[in-house]
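> Structure of the sequence below:
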Amino acid sequence: MDREGNLVGKEDAEAQVRQVYANLTTALEAAGSGLEHVVKLTVYLTDRGDLGAFRTVRDEHQDAENPPACSLVMVAGLVHPDFRIEVDALAVAPSAG
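Here you go, the predicted model:
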């Protein structure tokens, strides 16, 4: 969902992954962290064919040579019937030093 609560990319896995990363970036920044501090992702997909779109977008936003640990879970559906992907991220907050 975008900031206004609208579904993004009903039939477009890559558009949904891009929105997931936009939302994740916003949440991490609000917590004083960033994508570079993500240590573990759990990815929920409703269609295994969307894995390529996830990897493409992930590699644009995170270190492709040293990505965070990642688990993939195939699911029959998500909370909204048009959601294709959900990502749970675990990140550390850098010290304020």
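> List the contacts of residue 91.
Contacts for residue 91 (Cβ atoms under 8 Å, 6 or more residues apart in numbering) come out as 28, 31, 33-35, 37-39. C-beta here means a position set from N, CA and C on the backbone, and glycine is covered the same way.
> Now with 7 Å, please.
Residue 91 is in contact with 28, 33, 37-39, counting by Cβ atoms under 7 Å, 6 or more residues apart in numbering.
> where does residue 52 land in three-state SS?
What DSSP: H, G, I helix; E, B strand; the rest coil gives for residue 52 is helix.
> Show the contacting residues for it.
Per Cβ under 7 Å, 6+ apart, neighbours of residue 52: none.
> And for residue 74?
Contact analysis of residue 74 by Cβ under 7 Å, 6+ apart lists 45, 48.
> Show me the beta-bridge partners of it.
residue 45 (DSSP bridges).
> Look up how far residue 85 lies from it.
Distance, residue 74 to residue 85, by Cβ to Cβ, to the nearest Å: 11 Å.
> cool, and residue 78?
Residue 78 is 8 Å from residue 85, by Cβ to Cβ.
> out of those two, which sits in the more crowded spot?
The neighbour comparison of residue 78 against residue 85 (other Cβ atoms under 10 Å) goes to residue 85, with 23 against 14.
> The more buried one touches residue 47, doesn't it?
No. Residue 85 lies out of contact with residue 47 (Cβ atoms under 7 Å); the separation is 8.9 Å.
> backbone phi and psi for residue 7, please?
Phi and psi for residue 7, reported as degrees, to the nearest 10, are phi -70, psi 140.
> Pretty sure it sits against residue 82.
Yes. Counting by Cβ under 7 Å, residue 7 touches residue 82, with 5.6 Å between them.
> Low-confidence ranges, the protein, go.
Low-confidence segments of the chain, defined by pLDDT under 70: 96-97.
> quick revisit: overlap in contacts of residue 78 and residue 85?
residue 44.
> Show me where the chain has its strands.
Counting by DSSP state E, one finds strands in the chain at the ranges 38-45, 69-74, 85-91.
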